[in-house]
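Novice: Please work out how this folds:
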Amino acid sequence: MKGFVLDCSVAAAWLFPDEGTPDTEALLDRLKTEEALVPGIWHLEIGNVLVRAERMKRVAKSRVAAYLNLLRRLAIETDPETDERALRETLMLARECGLSTYDAAYLELAMRRGVQLATLDRGLIRAARYVQVETVPKTELQVHERPHD
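Specialist: Okay, the predicted model is just below:
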């Protein structure tokens with residue numbers, strides 16, 4: 001049960017059908033036999049996605065509880081080490097790859113656990129390729145020597 005690191009962008013695609021693709025659905029199916037790993041920031045990011053969707057009238061407040069219940073039932077494990085690594089490994093990775101520390105937390109977790117990073121974020125995909133972390137779903141994104149160049 002190796003698993004993968006789950007970025008908020010993929011989880012959001014599960015919640016909003018117009019954002020989902022066969023590739024993001026395949027990642028959801030993997031949770032039947034694997035576990036998704038998330039840094040602690042993931043919960044705040046999911047909350048922010050839902051609050052923004054409410055404000056934009058994209059989702060009714062009454063649906064938010066159902067979305068949260070769906071996410072709670074999935075095999076998602078919160079990494080206990082994210083906080084203690086935030087101002088060391090994660091900060092240095094953010095500097096090196098031109099990422100926010102929020103995004104670098106996902107990348108650091110994937111590197112540390114030796115698993116794929118599930119993301120739709122182009123900057124995070126570039127950074128992952130730079131540090132040789134495999135991303136899913138696969139994209140045709142062109143990568144330069146350094147992600148922030």
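
Novice: what stretches of this structure score poorly on pLDDT?
Specialist: Where the chain drops to pLDDT under 70, the residues are 1, 139-149.

Novice: Try it again at 50.
Specialist: 141-146, 148-149 (pLDDT under 50).

Novice: What are the boundaries of the strands in the chain?
Specialist: Ranges of strands in the chain, per DSSP state E, are 4-6, 36-38, 76-78, 116-118, 135-136.

Novice: can those strands go into a markdown table with extra columns for mean neighbour count?
Specialist: For every residue, glycine as well, the C-beta is placed using N, CA and C. Rendered in a markdown table, the data for these read as follows (neighbours: other CB atoms under 10 Å):
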| stretch | mean neighbour count |
| --- | --- |
| strand 4-6 | 27 |
| strand 36-38 | 23 |
| strand 76-78 | 14 |
| strand 116-118 | 24 |
| strand 135-136 | 21 |
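
Novice: contacting residues around the residue of the chain positioned farthest from its centre?
Specialist: Most distant residue from the mean C-alpha position of the chain: S62, 25.0 Å away (CA atoms, centre = their mean). Contacts for S62 (CB atoms under 8 Å, 6 or more residues apart in numbering) come out as none.

Novice: surely V38 meets L6?
Specialist: Yes - counting by CB atoms under 8 Å, L6 is a contact partner of V38 at 5.3 Å.

Novice: overlap in contacts of the two?
Specialist: Joint contacts of V38 and L6 (CB under 8 Å, 6+ apart) are I76.

Novice: and the gap between the closest residue to V59 other than its chain neighbours and K61?
Specialist: Among residues not flanking V59 along the chain, A53 sits closest, at 4.3 Å (CB to CB, 6 or more residues apart in numbering). According to CB to CB, to the nearest Å, A53 and K61 sit 10 Å apart.
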